[in-house]
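Student: structure of the sequence below:
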Amino acid sequence: MASSSNAKHKRIAEEEEEEEEEETLEELEGFDDFTLASSWERFISEIEAICRVWMVDGPKNLVEKGAECLGSQKKLYKVKSEMKHGTKLYSIEYYFCVSNKGKASFWDDDLHDLQLSFGVSDFMVIAPLSASGVVLDAPESTKLLSSVAIALTNCGSNWPAFVPVHDPSRKAYIGIQNLGLIFTRRFDADRIGSHVPIRLMHLEGLYELFISKFALYSVDFSASFFKVQFAMKLTYRSPPYEPDDEIASVDPEVNESKGDIVSPNRIKTHWDDDCPWTEWYSAEDPIRGFELVAIWSGRMFESSLEMAELENASSFDAGKWLLCPIISPFMMDDSTWMFVGFASQIRLLVSALDMSFEAQFLDDFVSAENPASDNSKLSTAIPPPTVLDRVLKEIFHDGGHNSHHVERDKKHSRAIKGAPLESLFAQFCLHSLWFGGCNIRAIACLWIEFVREVRWCWEESQPLPKMPSDSTIDLSTCLIHQKLQMLAICIEKNLSHDTHNSTESVDHTPTGKKVDAEADPFKEPVKDETGSYLRSYCHQDSEPSTSSSFKHHDYSIRSPDLQKVDQVRKGSAGVVRSMMLLHSYQKMHAPYTQDAPIMTEDMHEERLHAVEVFGDAFSFSGQLERDILSSDMSAFKAANPDAVFEDFIRWHSPGDWENDDTEGCAGDGNNWPPRGKLSQRMSEHGNLWRQIWNDSPPLPVLEQKPLLDPIREGEKILHYLETLKPHQLLEQMVCTAFRASADILTQTIYGDFKPMKTRFNQLYITLASNLKPLQVDNLPEKAELIGDLRRLCLVFEHIEKLLIFAASIHRKLLDVPRLSEAMFSDYFNFYLPKMGTSLESICYDQEFKTKQLVKMHERDAVASLFPPPTANQSWRKVLSMGNLLNGHEPILREIIFSINDRVEDSHYGSSIPMATTEEIQTHRMYIQGTSNDLWVALSVTSWD
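Tutor: Model prediction:
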């Protein structure tokens with residue numbers, strides 16, 4: 001009973017306690033907590049809440065949530081938040097690093113100014129949202145820094161916090177960092193913008209400035225010894241190019257004696273004077289100069305005298321050299337006016353193509369009263385006649401190669417259906433790029449005068465400059481170039497015909513050519529002294545005639561057959577060995593024959609179209625080639641008076657002659673006559689070849705009518721050039737301009753830069769594929785075509801810029817090829833994201849800062865980039881800093897002084913409840929500046 005009573009009383013007591021707790025909670029729910037009542041405390045709470053969110057998320061999640069990336073190497077990120085305190089708005093920014101490479105170096109280029117100045121990693125900056133972005137009131141800055149420090153302490157974070165103070169130009173900061181429960185680090189930075197004290201211009205004075213921050217008693221710094229860790233970074237910049245410094249060292253007496261010959265001692269006035277593009281434009285040097293960074297690190301100094309000695313030391317004593325090119329702004333800006341080169345001018349040519357569809361004839365753009373010229377603006381002005389005459393002279397007369405034309409490229413260039421670089425039409429296109437701003441009216445005017453010059457050459461029988469006059473047409477080129485090439489051949493044939501008519505005798509030198517008897521006959525051109533081209537069909541084992549009468553001026557040979565002494569053999573190129581005529585005991589002679597008529601691409605298309613129209617009603621070889629076959633048969637009859645149709649087939653088409661199996665050596669007299677028969681197709685009744693044989697008279701080549709009428713074909717070509725539609729001209733000009741410009745740029749010498757070579761080969765492929773729509777009759781929609789061509793111009797511009805950069809870096813670092821290749825590779829990777837096809841300008845804010853380590857054996861060559869100052873440069877500067885490099889003082893000096901102390905060996909060790917003997921950095925000073933500017937950042941660790 002007692003036990004049950006006790007349990008009952010216990011249960012009642014617990015219920016009463018629960019009721020009392022519920023009453024207490026009800027009272028608390030209605031209680032107002034005044035611990036966060038002040039605005040300052042609420043402000044601290046807001047900062048704390050923001051910091052806790054950032055701490056929970058961590059760096060990786062913050063990056064995923066859209067943290068802003070700072071720096072090109074994507075190591076430093078920033079997140080930002082805003083808050084209000086009273087009537088003012090503040091921004092709080094958290095900077096954090098994301099890197100798996102460990103602790104960054106002192107001199108990492110991607111470090112934030114505060115990271116470099118105070119040696120911190122992650123940090124916070126709180127600043128007012130105002131025009132200046134700094135706190136101008138000292139009490140406010142102190143209160144703001146304290147608020148952040150309290151919030152970070154409540155969060156358990158050791159992030160350093162900074163507040164910008166004073167005038168923005170001073171770049172002044174104050175900061176604090178809690179290092180656990182024992183240590184606190186305080187930061188302070190300020191700047192002297194002018195009138196730097198002379199003592200602080202030298203290392204000795206800066207060393208004593210640092211010592212004064214922890215020496216708590218009056219002491220002579222020059223006589224005292226403090227072990228101070230020291231690191232220094234000196235930045236040198238190569239002197240800028242100054243035209244006044246380049247004096248042409250030419251002896252006037254030497255010039256007078258040598259006429260127009262320029263002395264080799266003359267200094268070039270521009271960096272790209274010997275580059276292949278300099279004939280057309282002068283490119284701005286993409287490399288403005290070089291920055292050399294010399295680094296001393298990890299050294300210990302004990303007195304100011306040692307600092308004075310270091311200031312007089314050579315830059316060659318530095319532990320590390322780093323070199324970086326200074327890139328011109330035009331390399332980074334995609335604005336059309338920033339870069340002038342082939343790409344920019346071809347872009348204008350594409351605009352002219354866009355306008356060319358507005359008229360049917362080129363004269364419409366030149367005429368003042370035509371409707372097409374109504375759209376012309378001031379930018380479509382035509383240059384004066386003097387300029388036009390000069391350009392035509394350069395196109396037709398300067399540097400002409402005539403028949404000695406040699407095409408430079410190769411398979412990549414030939415894939416683009418344009419004119420070869422040295423050809424007449426390619427020179428016209430290149431000059432058009434720079435003529436009158438490459439507008440449609442200027443191009444039309446230049447083309448009309450160009451065609452007039454071509455007609456003059458035709459009418460006066462003058463060789464066409466810069467055009468090959470051989471008997472072949474390059475069908476891989478554009479149609480205009482083919483027409484001009486054929487016109488050059490017609491002019492050559494006219495000259496040969498006139499020469500032959502005025503000459504009573506011609507000396508011929510027969511030649512023979514061996515071909516396989518089972519294959520198709522091979523035709524070898526043979527040129528006699530009159531300039532006419534002849535072909536000789538020579539069977540296997542053929543040999544030139546040894547008859548002494550072959551060289552008679554009547555171009556005839558008396559038959560060696562005594563039974564046929566009255567027969568006259570004409571036009572023989574030599575005896576075909578091992579072949580005898582069927583009906584006479586004579587050796588077969590190979591005749592001189594005419595070349596097949598040369599044809600341009602459009603002529604081939606016309607003949608193929610004729611074949612399609614006729615179908616199978618006529619044999620292609622028997623009908624369309626009738627004139628050629630008849631000429632060959634006449635020449636064969638003249639060379640072999642006793643020949644029959646079967647003899648011609650055995651020589652011309654061995655495949656249509658079927659030999660008997662028992663036939664022996666045809667050259668052996670015992671086996672004469674040769675035994676065999678014609679093939680089935682040649683034996684058919686009414687065979688067209690036999691009809692042509694019967695109708696063909698025995699005439700040597702020189703007595704035959706030419707297969708090609710040069711006068712008729714020449715006039716047809718000129719008619720084509722004079723009536724060419726504007727868009728047809730501009731389409732071929734665009735293809736040729738791209739091809740010729742690429743061929744010029746590919747001659748650039750830039751060393752063994754593999755990325756550049758790969759990109760240039762890809763450029764040819766890109767050009768060939770994107771220019772194919774211009775080579776078809778049915779063009780795509782004009783807007784689409786012009787858009788594609790403009791994007792192609794942008795791709796070309798990127799490659800052109802890279803090539804100019806490669807040429808510049810190669811020649812400047814010619815003695816250190818490893819450095820030049822490494823720098824180009826760095827810049828190529830930096831520039832690669834820009835190499836798209838978007839027509840919008842892509843202007844990057846970041847600068848190219850990648851530096852390359854200079855090895856010891858390369859330092860002399862790199863130092864030559866900093867030549868001693870000239871007389872002009874010397875008087876402009878008053879040298880006030882040491883560590884000169886070839887007479888040049890550094891443009892920027894950065895120094896880090898620091899001192900470490902063991903906790904147990906210093907005043908920091910008294911009454912500290914810890915057993916560690918770890919060293920801590922008690923003082924650190926970062927100094928940056930020149931003789932006219934000094935910025936000092938100090939951090940001090942104290943025990944609280």
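Student: could you report the distance from the residue nearest to the spatial centre of the chain to residue 785?
Tutor: Centroid-nearest residue in the chain, with Cα atoms, centre = their mean: residue 799, separated by 2.0 Å. From residue 799 across to residue 785, the span is 21 Å (Cβ to Cβ, to the nearest Å). All C-beta spots, glycine's among them, are computed from the backbone N, C-alpha and C.
Student: and what of residue 796?
Tutor: Per Cβ to Cβ, residue 796 is found 16 Å from residue 785.
Student: between those two, who's got more neighbours?
Tutor: More crowded of residue 796 and residue 785, by other Cβ atoms under 10 Å: residue 796, with 23 against 17.
Student: got a pLDDT number for the more buried one?
Tutor: For residue 796, the pLDDT comes out at 94.
Student: quick check: closest non-adjacent residue to it.
Tutor: Nearest residue to residue 796, sequence neighbours excluded (Cβ to Cβ, 6 or more residues apart in numbering): residue 343, at 4.5 Å.
Student: quick one: neighbours of the one you found, just the number.
Tutor: Count around residue 343 with other Cβ under 10 Å applied: 22.
Student: check residue 735 too.
Tutor: Around residue 735 there are 23 residues (other Cβ under 10 Å).
Student: same thing with residue 856?
Tutor: Neighbours around residue 856, by other Cβ under 10 Å: 8.
Student: from residue 863, how far out is it?
Tutor: In terms of Cβ to Cβ, residue 856 sits 12 Å off from residue 863.
Student: same thing with residue 693?
Tutor: Distance from residue 693 to residue 863, by Cβ to Cβ: 85 Å.
Student: comparing these two, which shows the higher neighbour count?
Tutor: More crowded of residue 693 and residue 863, by other Cβ under 10 Å: residue 693, with 21 against 17.
Student: I figured that one hits residue 648, correct?
Tutor: Yes - here residue 693 reaches residue 648: they are 6.5 Å apart, a contact under Cβ atoms under 8 Å.
Student: mutual contacts of the two, please.
Tutor: residue 633 (Cβ atoms under 8 Å, 6 or more residues apart in numbering).
Student: mind naming the longest helix for this protein?
Tutor: As assigned by DSSP state H, the longest helix anywhere in the chain is helix 782-812.
Student: so which bits of that one are buried?
Tutor: Within helix 782-812, the residues scored as buried using 16 or more other Cβ atoms under 10 Å are 785, 788-790, 792-812.
Student: if we can go back for a sec, so what's the residue nearest to the centre of the chain scoring on pLDDT?
Tutor: We have a pLDDT of 93 for residue 799.
Student: chain neighbours aside, what residue packs nearest to it?
Tutor: Residue 799 sits nearest to residue 763 (Cβ to Cβ, 6+ apart), 5.0 Å away.
Student: dump the residue contacts of the one you found.
Tutor: Residues in contact with residue 763 (Cβ under 8 Å, 6+ apart) are 742, 795-796, 799.
Student: returning to what we had before: just checking, the residue nearest to the centre of the chain touches residue 757?
Tutor: No - counting by Cβ under 8 Å, residue 799 sits too far from residue 757 to count as a contact (11.4 Å).
Student: work out for me the element residue 43 sits within.
Tutor: Using DSSP states H and E, residue 43 falls within helix 39-64.
Student: which other helices and strands contact that helix?
Tutor: Applying 3 or more Cβ pairs under 8 Å, 6 or more residues apart in numbering; DSSP states H and E, one finds that helix 39-64 contacts strand 76-85, strand 88-97, helix 138-155.
Student: what about 10 Å?
Tutor: Applying 3 or more Cβ pairs under 10 Å, 6 or more residues apart in numbering; DSSP states H and E, we find helix 39-64 packed against strand 76-85, strand 88-97, strand 123-128, helix 138-155.
Student: now do the shared contacts for residue 856 and residue 863.
Tutor: 316, 321 (Cβ atoms under 10 Å, 6 or more residues apart in numbering).
Student: avg pLDDT for the helix or strand just after the helix holding residue 43?
Tutor: As assigned by DSSP H and E, the chain's next helix or strand after helix 39-64 is strand 68-70. Here strand 68-70 scores 87 as its mean pLDDT.
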